[in-house]
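>>> The following comprises the amino acid sequence and a computationally predicted model.
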Amino acid sequence: MYPAHVFSLFPPFPRDQRVFVAMSFDPLLNRRWSEVIAPGVRACEGVEPYRVNASTIGDSILTEILTGISNSRLVLADISALGGVRNANVMYEVGLAHAVRQPAEVLLFRSDDERLLFDVANVRVNRYDPDSQPDKARELVTGAINEALQEIDLQKSLTVKRLANGIDAVGLEFLVGAGEPGGREYPDVKTVGQAIATSAEVQTIPRLIEQGLVEPRYATPEGEPPPLAPVRDYARSRVRYHLTPLGHAVYVEVLERLLGASK
């Protein structure tokens, strides 16, 4: 399975509530996983550690790894060198994570003093000693994850506020309709008068889609498809626009501002 193919199938949001752990399957690190990393992740509220099964073979394990990198809330990699050599598979997974995830979403740990590869020499790498100081190492894992989650939440909050600043009355009205159970339908533009009256709304829809605030969904068709001539109108009658999670957050932010201004 080629990485680009898998990453194209899985949208970056929403993430699942797991921390994908990339580390060597060497038995020397089993205790590190069970006594430090896994419990360190579980000490953070709302996330669970996830490590692929070493017994999985072929395309299956690669698909699990790529899916974990794509969909997990965070990626944590132990890049410690064993016998002076860093695990090539782990470094490959780190490279993939750096390519498709935000910097705050990828956490690196190591317990060795070997020279870092130049590719990650300028990236923050947390030092820990899980073998000699497991309790302290576990606290470091928990602290790094909590710090990353807080930074991500802050980034999300800033993104929501920035998008809310750009929502005008037409956009807000469309978001309200998209938040209804049935979603918002495409406006009628069959006549010149309708086209003029709905021009602002029509121009708003692509912008809201591009910003990730609404998404089109198609209703199940009923009966036979129409003749060729009205296919465009038929398609428009079947599409409904619904809020995305980001769109809902922006809508709530704008609504809170309006309610606050009215007090």
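Nice, thanks for sending it over.
>>> so where's the stretch 1-150 of the chain shaky on pLDDT?
The stretch 1-150 of the chain contains residues with pLDDT under 70 at 1-14, 54-59.
>>> quick one, strands of it?
16-22, 48-50, 72-78, 106-110, 126-127 (DSSP state E, counting those that start in this stretch).
>>> from the ones you listed, which stretch is densest packed?
strand 72-78 (a mean of 24; mean count of other Cβ atoms under 10 Å). C-beta: built from backbone N, CA, C; applies to glycine.
>>> Tell me the strands beside that one, with direction?
strand 16-22 (parallel), strand 106-110 (parallel) (DSSP bridges).
>>> hmm, back to that, could the strands of the stretch 1-150 of the chain be laid out in JSON lines, adding distance to Tyr186?
JSON lines is the format used below for the strands of the stretch 1-150 of the chain (distance: least, Cβ to Cβ, whole Å):
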{"stretch": "strand 16-22", "distance to Tyr186": "32"}
{"stretch": "strand 48-50", "distance to Tyr186": "40"}
{"stretch": "strand 72-78", "distance to Tyr186": "35"}
{"stretch": "strand 106-110", "distance to Tyr186": "40"}
{"stretch": "strand 126-127", "distance to Tyr186": "50"}
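>>> between the ones you listed, which gets nearest to Gly166?
Closest to Gly166 of the strands of the stretch 1-150 of the chain, according to Cβ to Cβ: strand 72-78, at 27.3 Å.
>>> quick check, distance from the closest one to the centre of its chain.
Relative to the chain's own centre, strand 72-78 is displaced by 12 Å; criterion: Cα atoms, centre = their mean, to the nearest Å.
>>> Quick one: residues in contact with that strand.
15-24, 29, 32, 37, 41, 47, 50, 68-69, 90, 93-94, 97, 101, 105-111, 141, 145, 148-149 (Cβ atoms under 8 Å, 6 or more residues apart in numbering).
>>> out of the strands of the stretch 1-150 of the chain, which comes closest to Val160?
strand 72-78 (17.8 Å).
>>> Run through the helices of the stretch 151-263 of the chain in chain order.
When assigned using DSSP state H, counting those that start in this stretch, the helices of the stretch 151-263 of the chain occupy the ranges 169-178, 192-197, 199-210, 231-238, 245-262.
>>> Val21 touches Arg51, doesn't it?
Yes - look at Val21 against Arg51 with Cβ atoms under 8 Å: they come within range, at 4.5 Å.
>>> Pull up the overlap in contacts between the two.
Going by Cβ under 8 Å, 6+ apart, residues that sit against Val21 and also against Arg51 are Trp33, Ala38.
>>> now Ala249, nearest residue through space, not along the chain?
Once flanking residues are discounted, Ala249 sits nearest to Val160: 4.8 Å by Cβ to Cβ, 6 or more residues apart in numbering.
>>> Contacts only, for the one you found.
Leu246, Ala249, Val250, Glu253.
>>> could the residues you listed go into JSON lines alongside pLDDT, distance to Val123 and neighbour count?
Shown next, in JSON lines, are those (pLDDT from 0 to 100; distance: Cβ to Cβ, whole Å; neighbours: other Cβ atoms under 10 Å):
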{"residue": "Leu246", "pLDDT": "88", "distance to Val123": "28", "neighbour count": "19"}
{"residue": "Ala249", "pLDDT": "92", "distance to Val123": "30", "neighbour count": "19"}
{"residue": "Val250", "pLDDT": "93", "distance to Val123": "32", "neighbour count": "28"}
{"residue": "Glu253", "pLDDT": "93", "distance to Val123": "33", "neighbour count": "17"}
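>>> so can I have JSON lines of these showing distance to Gly84?
Conversion of the contacts of Val160 to JSON lines gives the following (distance: Cβ to Cβ, whole Å):
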{"residue": "Leu246", "distance to Gly84": "45"}
{"residue": "Ala249", "distance to Gly84": "48"}
{"residue": "Val250", "distance to Gly84": "51"}
{"residue": "Glu253", "distance to Gly84": "52"}
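>>> Those residues: which two are farthest apart?
Across those, the longest distance by Cβ to Cβ is 10.6 Å; it joins Leu246 and Glu253.
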